[in-house]
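Sequence first, predicted model second:
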Amino acid sequence: MKLLHNTIKTGLKNDQIHLNGAKQSINGWMHIHDQRSVPVWGPIGDPEDIIASVLVQDSNIIPDTYQPVPSYRLFTQDGMMQLTPSLRNKLHEALLRVAELEKSISIQSESVRLESANQVGPSATASPV
């Protein structure tokens, strides 16, 4: 969830849907809704569909005020999480970076393990005859 929230927080400044929402809000707190079940203009959506809230001042999103909503759920009766296209692309990029990092760490760990095994040598692991 940390990766999801960090990605959304940093991606809001370029997300046209939320920038347009900020222009309509002018000042106050704006909810970042999951796109699977967007509420009709006016009422607040279901708490399990509100990803976070962020402060809007003079129609500008203030990213440092981003606050995750603890009741948000990735899966609900309405389906799986759905982000705006811009935020979905940002999350995809972030997940690819994590996958590459994990792959790199795995390769390094395997290399260290093989190097250790070679230093011990076959004679240390062979059983006496």
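Sure, I can see it.

doesn't Ile32 fall inside a helix?
No. Going by DSSP: H, G, I helix; E, B strand; the rest coil, the assignment for Ile32 is strand, not a helix.

That one against Asp49, yeah?
No. Counting by CB atoms under 8 Å, Ile32 does not reach Asp49; the two are 10.0 Å apart. Every residue, glycine included, has its C-beta placed from N, CA and C.

Looking at those two now, which is surrounded by more residues?
Under the criterion of other CB atoms under 10 Å, the comparison of Ile32 against Asp49 puts Ile32 first, with 26 against 23.

Next, the contact list for the more buried one, please.
Applying CB atoms under 8 Å, 6 or more residues apart in numbering to Ile32 gives the contacts Ile8, Leu12, His18, Ile50, Ile51, Ala52, Ser53, Val54.

Make sure Glu48 is indeed in a strand.
No. Secondary structure of Glu48 (three-state DSSP): helix, not part of a strand.

I'd like to know how many residues surround it.
Neighbour number of Glu48 under other CB under 10 Å is 16.
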